[in-house]
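Trainee: here is a sequence together with a model predicted from it:
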Protein chains: 2
Amino acid sequence: MAKTLTKRKENYSQWYNDLVVKADLAETSAVRGAMVIKPYGFSIWEKIQATLDKMFKDTGHLNAYFPLFIPKSFFSKEASHVDGFAKECAVVTHYRLKNDEKTNKIVVDPEAKLEEELIVRPTSETIIWNTYKNWIQSYRDLPILVNQWANVVRWEMRTRLFLRTSEFLWQEGHTAHATKLEAIEETEKMINVYADFAENWMGIPVIRGYKSENERFAGALETYAIEALMQDGKALQAGTSHFLGQNFAKAFDVKFTDKEGKLNYVWATSWGVSTRLMGALVMAHSDDKGLVLPPKLAPIQVVIIPIYKGEDQLNQITEKVNLIKKKLEDKGITVKYDNRDTHKPGWKFAEYELKGIPVRIAIGPRDIENNTLEIARRDTLEKEIKSQDGIENYIENLLEDIQKNIFKKALKFREENTFKVDTYDEFKDIIENKGGFVLAHWDGTPETEQKIKEETKATIRVIPMDAKEEDGKCIYSGKPSKKRVIFAKAY
Amino acid sequence: MAKTLTKRKENYSQWYNDLVVKADLAETSAVRGAMVIKPYGFSIWEKIQATLDKMFKDTGHLNAYFPLFIPKSFFSKEASHVDGFAKECAVVTHYRLKNDEKTNKIVVDPEAKLEEELIVRPTSETIIWNTYKNWIQSYRDLPILVNQWANVVRWEMRTRLFLRTSEFLWQEGHTAHATKLEAIEETEKMINVYADFAENWMGIPVIRGYKSENERFAGALETYAIEALMQDGKALQAGTSHFLGQNFAKAFDVKFTDKEGKLNYVWATSWGVSTRLMGALVMAHSDDKGLVLPPKLAPIQVVIIPIYKGEDQLNQITEKVNLIKKKLEDKGITVKYDNRDTHKPGWKFAEYELKGIPVRIAIGPRDIENNTLEIARRDTLEKEIKSQDGIENYIENLLEDIQKNIFKKALKFREENTFKVDTYDEFKDIIENKGGFVLAHWDGTPETEQKIKEETKATIRVIPMDAKEEDGKCIYSGKPSKKRVIFAKAY
């Protein structure tokens, strides 16, 4: 069964979908907009989870678990929050099914109607701040540094595997602080954790910045985001960290007694990344042959394939492979030896290229004679013949090199596709014909951003944290501006 | 703030609830029957999860993720399954909220009614077998050995923290096999994994056995369970593994071509344990002073508390503690040094007894002089003075000893509370006045079990897998019986 992909140039969107399905990452389900994450896809997600979880714990956070359901009334307590999420909520109204005697079909029991409807969490600020109210009395109870790994539901109308699904998996950090400064520091710390993870584990360069008012999280005073550029020139928001001020503390009446004995509202942050990162991982690096996985997140880092005729040759090869495998595993490298006789080497080569395994080793009778191996790297598709002696050190270095190279390649792509623009005509031309990040001056108003969005579909992705002060004029209104922001079309 | 618990003898049920809340394991939430798992409780659950996850992977299973929602029609496809779960389902009927202009309140938008209602999964057999249909064509696609860590919802009317909650966390394994024999082997393998985990990690002795027809999983041909005895003489079902036959394959039309080219229905198993294990852990070992945690699942295994006056003494102690801590950590032991000056040593002693930390080390100025430490073990509450030399080896052995001792104690308790009974009068007396496991003959009919349940509240917990053949008469009907089964009142 050939598993050919649509080429990126022909139809990028179809290529993405083909790849996600054919590489066994995920597939659509019987439930509108919800996906099944298949074992191979989930094993990558487990690597992402484990790495991030360690980073969160290393920065002092603990995990906890809060209810899936949120009473409807909780939503109304923070005005902008309900505006942001009300339109895409799954609502539980009943708690029982029954057999309808007339039709002999299973129906919702009308007598089992809930007094207050429950919302399946689209995010957990409200239920968590209602809980924190009981946890916080004094400054001694602060800070609270808690994270939750959970599923959430947002009833999106247009869905795409990983990128936008009605249910997704994520983590949401929710912290409580005694001072504004401490909360802002936490917000920044976590966006930096996300950027570190994106760049050094996923191999995806990101821009850190603030969201404009239009793009801010519903209920936040400031949203920090990391933005990545995909191969089709569209931006992807890969993680956000929100400074929530005292909005949720006020909505749920969460106060603490400070050292001077005064009552104050608590300061809050929240931050999250989701299975969307899987989409970013696929789109940032992969090619027309399949996935390209950074070694640090690849569930299998090295695959070894025997090239043989007959059982004698296979036995000879297997003996050698077991030694090599052991040496690699002793270095902490994950190795799979695929000696199945149900598939030909060529089929296996294609399969592991599709699955993005960083390094492939092929070994045949001539290699046994010559004490050699054929090493192929997935990122560049280069092959070379190497001696078996010290191969474990060579592979170890090669994996590091691939990790770096993937990042470098993505960075180069981003640099080549980031444009400084000073006129609206030029802006429209690039957005429409080239794509990429466009650095332009903006007058700082939501109205201007909205008009540009309507006319070009581009939005402000971030106001970069490291943007240099520079006098300029808004490309749309001509009004004065102090720094450039990043525009792009986005996922 | 004193955190005294109700005594077990006074009110076991209140003691349990006090302990779960005061030891910071969990608390009730704003959503009926759903709990908040607090950071300390969740850190124990993470240990349980990590251990089981490794055991599942070591037995060849991979994780995946399936949708939270299940279309209502899926439930109707397996008749006994829908009977088992229909009465306790949370039902999603709408996908949007809106602002009601008349009342200015947030209401469910009547125009956003789903065509088909969605059930929040109480278990995932139906959605998973609907998915497996597309994964399985030939014997080459089998077996499928997949597990999922997830939240599930069962709308229980009477709830208790961890033991019975409307939402809980669990894992559910769902496997597909070419033959009946292989599926039965899998079912047994997994009940053995659970028993191994319960006994060697949780320190809880369990009886492996088959469920009677009345207590079987809705849709299973055979349910295997492990049953544990709690300190109040009630049984707790700690894990189940189901042989599902071809029921779900038939309901979802999942067939495969075997080696001879013939079409057959696929054989299935499912198996799960949940956050209920947390309740078992608390109830099996803890005492009137608080939790008693087995070292293998304790998030903190050793706590060190300095006894000092003034900063000079503290500095001297801290210097010594840092060395000891390092030595313990090098052995993989988790250590917390609590040098907070906001709490007195006595308060800390009580706090860590409440939290169940297996070993407490106290160190004061005289210990510095004498090169000693005071070691207290949580399980027996014994204290002793030991030399600081080689303390890391001593503690390492002590932790192993505590792990074993906890199990031994629980086993002794079970042995002392397991009764062979041959008359119904004796049976009723023990069930009503003593509690415990009662080994009695039963005629094998659901009717008899039902009557005994109605009259005594005791049910058949399991038909032990290792039960010896023995001629006897049913305690209720007097009809002939070939082996004894275990009766008890249960959680």
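Mentor: Received it, and whenever you're ready, just let me know what you need. Because the structure is a prediction, the values reported are computed rather than measured.
Trainee: following the lengthiest helix in chain A, which helix or strand shows up next?
Mentor: Selection of the longest helix in chain A by residue count, based on DSSP state H, yields helix A:391-416. Using DSSP states H and E, the helix or strand that directly follows helix A:391-416 along the chain is strand A:418-420.
Trainee: ok so, going back, next, the buried residues of the longest helix of chain A.
Mentor: By 16 or more other C-beta atoms under 10 Å in any protein chain shown, the buried positions in helix A:391-416 come out as A:391-392, A:394-396, A:398-399, A:402-403, A:405-407, A:409-410, A:413-414. C-beta here means a position set from N, CA and C on the backbone, and glycine is covered the same way.
Trainee: how does chain A divide into domains?
Mentor: A:12-285, A:300-401, A:418-488 (automatic domain parsing).
Trainee: and these: which comes nearest chain B?
Mentor: Of all the domains of chain A, domain A:12-285 sits nearest to chain B, with 3.9 Å by C-beta to the nearest C-beta.
Trainee: and that closest one, how far out from the chain's middle?
Mentor: Put simply, domain A:12-285 sits 12 Å off its chain's centre (C-alpha atoms, centre = their mean, to the nearest Å).
Trainee: reformat the domains of chain A as CSV; add distance to residue B:92 and mean pLDDT.
Mentor: Shown next, in CSV, are the domains of chain A (distance: least, C-beta to C-beta, whole Å; pLDDT from 0 to 100):
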stretch, distance to residue B:92, mean pLDDT
domain A:12-285, 5, 96
domain A:300-401, 35, 97
domain A:418-488, 31, 96
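Trainee: okay if I get the ones you listed as TSV plus distance to chain B?
Mentor: Below are the domains of chain A laid out as TSV (distance: least, C-beta to the nearest C-beta, whole Å):
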stretch	distance to chain B
domain A:12-285	4
domain A:300-401	7
domain A:418-488	21
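Trainee: pick the most buried one from the ones you listed.
Mentor: Of all the domains of chain A, domain A:12-285 has the most neighbours on average by mean count of other C-beta atoms under 10 Å in any protein chain shown, namely a mean of 20.
Trainee: just the endpoints, please. Distance across that domain?
Mentor: 13 Å (C-alpha to C-alpha, to the nearest Å).
Trainee: need the per-residue pLDDT for residue A:2.
Mentor: For residue A:2, the model assigns a pLDDT of 51.
Trainee: what residues are up against residue A:413?
Mentor: Residue A:413 makes contact with A:229, A:231 under the criterion C-beta atoms under 8 Å, 6 or more residues apart in numbering or on different chains.
Trainee: can you report phi and psi for the residue nearest in space to the middle of chain A?
Mentor: Central residue of chain A (C-alpha atoms, centre = their mean): residue A:277, 1.6 Å from the mean position. When read as degrees, to the nearest 10, the backbone of residue A:277 gives phi -60, psi -30.
Trainee: okay but it is in contact with residue A:228, surely?
Mentor: No: under the criterion of C-beta atoms under 8 Å, residue A:277 makes no contact with residue A:228, lying 9.7 Å away.
Trainee: and the strands in the stretch 101-250 of chain A?
Mentor: For the stretch 101-250 of chain A, strands defined by DSSP state E, counting those that start in this stretch occupy the ranges A:105-108, A:113-120, A:144-153, A:167-177, A:207-210, A:222-229, A:235-245.
Trainee: surely residue A:85 is in a helix?
Mentor: Yes: according to DSSP: H, G, I helix; E, B strand; the rest coil, residue A:85 belongs to a helix.
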